[in-house]
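> Fold the following, please.
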Amino acid sequence: METYNVLVVDDDEDIRAKALQTHSGDNRLCVTVAKDIAEARAAINCQFFHVAFVDMQLDPSTRQTDGKTVLRELADLRPSCTRVLLTQYPDVYRKDFFDLTHPLYPIVAGSVDKLNPREDFTEVMLRMSESWCTRTVAVDGVPIIHKQLHMKVRHGAKVDVTGDEVDFIVSRLLGQGGSADGISNDDVSRITLEPLHGGRSRSVVAMGTPIAGDGTNGILCVVKLGPRSDTAEEQTRYDRYVRFLVSLNRRVELLGYVLGDTVGGVCYSFAGRSPDAIRSLGDLFSQERAEAINVLRSLFAKDRREWYLRTGKGSDLTNYFHRAYGLDARDVLENARDFAERIASDLGLRKRRDEIQFDGGRLRIPHDILGSGSMRASYPSCIVHGDMNAENVICADDDRVMCIDYRYTGWGPRTLDFAALQTSIRLAPPAVVRGLPQQLGDLRHERSVWDEGWSEDAIDDGKCNDAAVLPFWAQVSRELLLLARANFDGLTQQEHAATCLLWALRVFRVKDLSQAAKLRLLVWMSWLNDVLSR
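So this is what the prediction gives:
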């Protein structure tokens, strides 16, 4: 990032003019000035700032501490902004001064005395700018990432995410502003980020190779940007459940994290040798590549278990999904009912209560089963990834398989990760982009996959009699069933079906989910309902 953004809020016109004059003499500085609360709020709502200098008293006629209000709003809306008090009356506003500098709840990082003859606030501004801009990191690809982030996090955010904020986060992740030792050819100078497509979370994931000042390529990195609170939670969970519990050859390394105003970012790399290329398991699913089966076997190899070996007391499944993901299954099922009504009407199918009837079968909305003992039972738990959709499983060209996105990692239902991938394979494009007859026909395959996957012969010999005629998604699904059974002794059909159903409901509520994807989930949930009703 090549600029340093400064906000100066002061009712003194000469102070504002001096700030702008300093800006005109240094092209690295971008200075915005405001004379009162209204102008300050307008700037804060739409711009990213590295630092803000705010006068305590913005209207001498009222003798009110309007500047204190601005500083508090900055702390709330732009928490990554360094806030500096600008005043010449610390004794007059003694109580307010100490409120702003309380060691447990500091609102400002420091203060500048206007009456100090040895130092002017513009000198502080220039030194801070120099510290940030001494070694800059050029980030290519910011506009695309910013556009995607803006669409994903705009709802619920107090202020809009800006391109400067994205640039700041990635630059800071790669070392800008972190050293006072001057410029070195060993420092990262540039990175080009290419977004990885897929996934339904509010995050954007991109990859890139950092380039040092001498042109040397660094290690391939994955940068994930998402809501600020999610980033903070992901870092905490990585430290607690990944850093010291998962071996280097089975995880990515968290190189750092940075919190912005509305979003935050984490940077991951492959531990050990940097791969030449990476792709997600979702890519393999979409291309129906047979190697996806080998990836799953590597990921869930029983003799390489780490998380899944740590078992604990279970918890109410439905309650867990409510606490962890905010899932209200009843609301989602009401949406599923409305969707079923539309589908039946549009396609001329018969709708009767919680069923869609068609020639050769029926789809059942799993409403009655929701309050059953199977759904509310306490099953064994272990440490789980918590969001193992196929886009969060990264495959390197040297056959390493690792996961990213640890926002939900922790103790949870033991087959949760398997349930997430069961849903992912059913929503891969080849399984979704088909006509109604094929979608409804999947109900027959669901029965075949489930019965075969739970047969004793299958678990003993690992072979499927009709594997050659099963569609790709069904082959993957059956493999996941076998791996789940191999990993967890005493696993029952009801336990896994209940976990899968709740995960499917979690995905069904995604707002931008296509009609075809919702229909495929309805087929999946209908079969799970039948299993749980046995």
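> Of all the residues in stretch 211-226, which ones are buried?
The neighbour-count criterion (16 or more other CB atoms under 10 Å) identifies 211, 218, 220-226 as the buried residues of stretch 211-226. Using the backbone N, CA and C atoms, a C-beta is placed for each residue, glycine as well.
> Quickly list what A138 is bridged to.
The residues paired with A138 through beta bridges, assigned by DSSP bridges, are R190.
> from memory it sits against V188, does it?
No. Counting by CB atoms under 8 Å, V188 is not a contact partner of A138; they are 9.6 Å apart.
> quick one: which of these two has more around it?
V188 (20 against 17; other CB atoms under 10 Å).
> Tell me how far V332 lies from M388.
V332 sits 20 Å away from M388, taking CB to CB, to the nearest Å as the criterion.
> Could you list the low-pLDDT ranges of the chain?
For the chain, the stretches flagged by pLDDT under 70 are 62-63, 156, 179-183, 198-200, 271-272, 457-468.
> Nearest spatial neighbour of the residue nearest to the spatial centre of it, chain-adjacent residues omitted?
Centroid-nearest residue in the chain, with CA atoms, centre = their mean: S203, separated by 3.9 Å. In space, and not counting its chain neighbours, S203 is closest to G226: 3.1 Å by CB to CB, 6 or more residues apart in numbering.
> what's the distance between the helix or strand hosting that neighbour and the middle of its chain?
Taking DSSP states H and E as the criterion, G226 maps to strand 221-227. Relative to its chain's centre, strand 221-227 lies at 7 Å (CA atoms, centre = their mean, to the nearest Å).
> Can you name every helix or strand that the next helix or strand after it contacts?
Towards the C-terminus, the helix or strand next in line after strand 221-227, according to DSSP H and E, is helix 228-241. Helix 228-241 sits against strand 221-227, strand 252-259, strand 263-270, strand 410-413, with contacts defined as 3 or more CB pairs under 8 Å, 6 or more residues apart in numbering; DSSP states H and E.
> Touching the first one from outside, list them.
Which is strand 221-227. By CB atoms under 8 Å, 6 or more residues apart in numbering, the surrounding residues in contact with strand 221-227 are 145, 149, 152-153, 157, 166, 169-170, 173, 191, 193, 196, 201-210, 231, 234, 252, 255, 262-269, 278, 394, 404-405, 407.
> Buried among the residues you listed? Need that as a selection in PyMOL.
Only the buried members of the contacts of strand 221-227 end up in this PyMOL selection, burial being decided by 16+ other CB under 10 Å:
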select buried, resi 145+149+152+153+157+166+169+170+173+191+193+196+201+202+203+204+205+206+207+208+210+231+234+252+255+262+263+264+265+266+267+268+269+278+394+404+405+407
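> the helices in the stretch 251-400 of the chain, which residues?
With helices called from DSSP state H, counting those that start in this stretch, the stretch 251-400 of the chain shows them at 281-287, 291-299, 317-325, 329-347, 373-376.
> now for those, which one comes closest to F418?
Proximity to F418 (CB to CB) singles out helix 291-299 among these, at 9.3 Å.
> hmm, who's touching the closest one?
With CB under 8 Å, 6+ apart as the test, helix 291-299 has contacts from 281, 284-285, 393, 395, 399, 401, 421, 475-476, 479-480, 483.
> buried residues in it?
By neighbour count on 16+ other CB under 10 Å, the buried set for helix 291-299 is 292-293, 295-297, 299.
> Distance to V92 added to the helices of the stretch 251-400 of the chain, as CSV?
Listed next are the helices of the stretch 251-400 of the chain as CSV, based on distance: least, CB to CB, whole Å:
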stretch, distance to V92
helix 281-287, 61
helix 291-299, 65
helix 317-325, 50
helix 329-347, 55
helix 373-376, 63
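> most packed of the ones you listed?
Ranked by mean neighbour count under mean count of other CB atoms under 10 Å, the helices of the stretch 251-400 of the chain are led by helix 281-287, which reaches a mean of 22.
> packing partners for that helix?
Packed against helix 281-287 by the contact rule (3+ CB pairs under 8 Å, 6+ apart) you find helix 291-299, strand 393-396, helix 416-426.
> could you redo those as a markdown table and give each row distance to N27?
Below are the helices and strands packed on helix 281-287 laid out as a markdown table (distance: least, CB to CB, whole Å):
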| stretch | distance to N27 |
| --- | --- |
| helix 291-299 | 49 |
| strand 393-396 | 40 |
| helix 416-426 | 48 |
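> And the ones you listed: which comes nearest V124?
Comparing the helices and strands packed on helix 281-287 by their distance to V124 (CB to CB), the top pick is strand 393-396, with 43.7 Å.
> ok, and what's touching the closest one?
Counting by CB under 8 Å, 6+ apart, residues outside strand 393-396 touching it are 222, 252, 270, 275, 277-282, 284, 295, 299, 401-404, 421.
> Apply 7 Å and report the result again.
Under the criterion CB atoms under 7 Å, 6 or more residues apart in numbering, residues 222, 270, 275, 278-281, 284, 295, 299, 401-404 lie in contact with strand 393-396.
> Let me have those residues in a markdown table, adding distance to S315 as columns.
Formatted as a markdown table, the contacts of strand 393-396 follow (distance: CB to CB, whole Å):
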| residue | distance to S315 |
| --- | --- |
| V222 | 32 |
| F270 | 34 |
| P275 | 38 |
| I278 | 35 |
| R279 | 35 |
| S280 | 30 |
| L281 | 28 |
| L284 | 33 |
| V295 | 30 |
| L299 | 25 |
| V401 | 29 |
| M402 | 28 |
| C403 | 23 |
| I404 | 26 |
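> of all these, which comes closest to I383?
The shortest distance between I383 and any of those, using CB to CB, involves C403 and amounts to 12.4 Å.
> circling back: which one of the helices and strands packed on helix 228-241 lies nearest to L245?
Checking these against L245 by CB to CB gives strand 410-413 as the closest, at 11.4 Å.
> Tell me which other helices or strands that closest one touches.
Under the contact criterion of 3 or more CB pairs under 7 Å, 6 or more residues apart in numbering; DSSP states H and E, strand 410-413 touches helix 317-325, strand 378-384.
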